[in-house]
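Trainee: The following block contains a protein sequence and its predicted model.
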Amino acid sequence: ELWSLVAGLDANGVAGGYSHLLTGYIGSATFLRTVIRLVGLLRERRGSLVYVCDPVLGDHGKLYVPEELVEIYKEEVVPLASLLTPNQFECELLTGVKVEDEAAAVRAVNALHERGVPLVALTSLDYVESDAIAMLLSEKRDENARSEQYVLELPRLRGRYTGTGDLTAALLLAWLRAHPLE
């Protein structure tokens with residue numbers, strides 16, 4: 001059904017009007033592959049597209065999606081992303097790097113940069129033991145540049161929350177819209 005909507009937008013000449021695309025939870029391989037086609041079409045119609053991908057796969061060692069999606073993300077989706085926003089567990093799945101400290105987190109985001117992702121926001125670092133929650137932001141603008149990392153620590157609010165990754169990805173997209181790749 002998604003492709004029918006996309007085809008309608010394209011037939012009416014509006015597919016080229018999209019400058020940014022944000023994806024989050026996707027629960028099926030068919031839908032994910034349709035999103036891959038969508039990214040290609042939007043880039044073809046516009047010439048450029050900022051694709052913010054929150055690869056919602058799971059958290060704290062538990063998958064939320066069918067296991068087959070991990071490989072599709074690794075092989076097909078990650079290289080398309082302008083900004084990737086995995087949590088620590090998702091980053092480990094996508095890179096094969098066990099993130100146990102900041103050095104390992106940097107190795108993991110560099111592995112994602114090597115796959116073509118210029119901006120990575122590792123949205124939760126579980127190895128940080130304090131009353132803070134940490135994010136690692138990493139940027140690599142071109143293949144000849146060194147990557148730059150920034151760690152952001154925020155006070156931890158006790159409790160269980162859903163949608164914080166969605167909010168983070170949306171806020172980062174809004175920032176990129178207002179401040180293109182700054």
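Mentor: Done, it's in.
Trainee: Sort out which residues of the one helix or strand residue 174 maps to are buried, please.
Mentor: If you go by DSSP states H and E, residue 174 is part of helix 164-178. Burial within helix 164-178, assessed by neighbour count using 16 or more other CB atoms under 10 Å, is assigned to 165, 168, 169, 170, 172, 173, 176. Just so you know, the C-beta spots here come from the backbone N, C-alpha and C atoms, and that holds for glycine as well.
Trainee: want to try CSV for the residues you listed, with pLDDT as columns?
Mentor: Shown next, in CSV, are these (pLDDT from 0 to 100):
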residue, pLDDT
165, 86
168, 90
169, 92
170, 92
172, 90
173, 91
176, 82
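Trainee: Residue 21: which of these is nearest?
Mentor: Checking the buried residues of helix 164-178 against residue 21 with CB to CB, the nearest one is residue 173 at 8.9 Å.
Trainee: returning to that earlier point: packing partners for the helix holding residue 174?
Mentor: Using 3 or more CB pairs under 8 Å, 6 or more residues apart in numbering; DSSP states H and E as the contact criterion, the elements in contact with helix 164-178 are strand 20-23, strand 50-53, strand 83-84.
Trainee: Need the winner for burial among those.
Mentor: strand 83-84 (a mean of 27; mean count of other CB atoms under 10 Å).
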